[in-house]
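Trainee: heads up, no residue letters with this:
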């Protein structure tokens with residue numbers, strides 16, 4: 001009979017240690033669970049912040065309040081109660097488009113109503129823009145208002161070209177205060193500065209007296225005020 005020889009104790013211990021080492025090696029093949037690092041946390045936070053900034057801002061609940069609308073001006077405010085002054089009763093130069101009849105020699109008032117004198121020039125853009133409006137005012141007010149145009153042009157050719165280009169219902173004839181003594185004397189008598197801001201206006205009552213002065217272009221909003229005056 002063969003006799004079994006037991007392994008020495010040291011060999012048994014070494015065999016156990018080898019098994020433990022092998023188990024440890026197998027465990028080492030497993031990948032460790034990822035842990036949150038400071039860099040990864042910062043990246044996540046940055047992504048969340050960018051997403052929040054990309055969202056559109058909420059719309060305003062209501063628009064800003066608009067500025068209050070200014071009330072229309074009152075023409076001739078405080079002037080109609082003052083005594084009027086008549087204009088110079090003498091002939092005035094005139095101009096008209098070819099084929100149109102010239103105006104009467106004297107720039108007089110209308111005995112049946114009020115007269116609106118409009119001082120203008122062919123080079124004055126606001127003057128030309130308001131002309132159709134003044135003619136419309138005259139039409140609406142019938143016999144209560146007559147509109148008369150008075151040119152302060154220095155260049156006759158420019159004035160003639162403007163009148164010639166006007167439509168049949170436009171301004172094709174005008175009084176004309178020529179540069180020099182005629183203009184100076186007439187404007188002085190009407191108490192208007194020698195070089196007035198254009199456009200400028202005078203309102204004459206049925207007696208031919210100047211009752212009101214208006215500087216600057218008229219607007220559509222001025223019509224109710226004018227209608228009230230001539231309807232007095």
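Mentor: That came through fine. Quantities reported herein were computed from a predicted structural model and do not represent experimental measurements.
Trainee: and for residue 159, the neighbour number?
Mentor: Residue neighbour count, defined by other Cβ atoms under 10 Å, stands at 19 for residue 159. Every C-beta, even on glycine, is put in place using the N, C-alpha and C of the backbone.
Trainee: so it is in which element?
Mentor: Following DSSP states H and E, one finds residue 159 within helix 156-165.
Trainee: which residues of this structure fall in helices?
Mentor: Under the criterion DSSP state H, the chain carries helices at the ranges 9-28, 38-54, 125-141, 156-165, 181-189, 223-230.
Trainee: returning to that earlier point: tell me what angle the helix holding residue 159 forms with helix 125-141.
Mentor: Counting by axes from the mean of the first three to the mean of the last three Cα atoms, to 10 degrees, helix 156-165 points 40 degrees away from the direction of helix 125-141.
Trainee: give me the contact list for helix 156-165.
Mentor: Outside of helix 156-165, the residues within contact range by Cβ atoms under 8 Å, 6 or more residues apart in numbering are 95-98, 100, 122-123, 128, 151, 153, 171-174, 176.
Trainee: now with 7 Å, please.
Mentor: Counting contacts by Cβ atoms under 7 Å, 6 or more residues apart in numbering, the residues outside helix 156-165 that touch it are 95, 96, 97, 98, 122, 123, 151, 153, 172, 174, 176.
Trainee: who does residue 215 bridge with?
Mentor: According to DSSP bridges, residue 200 are recorded as the beta-bridge partners of residue 215.
Trainee: that one is in contact with residue 200, isn't it?
Mentor: Yes: under the criterion of Cβ atoms under 7 Å, residue 215 is in contact with residue 200, at a separation of 5.2 Å.
Trainee: more neighbours, these two?
Mentor: The residue with the greater number of neighbours, taking residue 215 and residue 200 and applying other Cβ under 10 Å, is residue 200; the counts read 21 against 11.
Trainee: can you pull the contacts of that one?
Mentor: With contacts defined as Cβ under 7 Å, 6+ apart, residue 200 is in contact with 119, 192, 215.
Trainee: 8 Å - rerun?
Mentor: With contacts defined as Cβ under 8 Å, 6+ apart, the neighbours of residue 200 are 119, 192, 213, 214, 215, 216.
Trainee: same question for residue 138.
Mentor: 116, 145, 146, 147.
Trainee: show me where pLDDT drops low in this structure?
Mentor: Regions of the chain meeting the criterion pLDDT under 70 cover residues 1-68, 70, 232.
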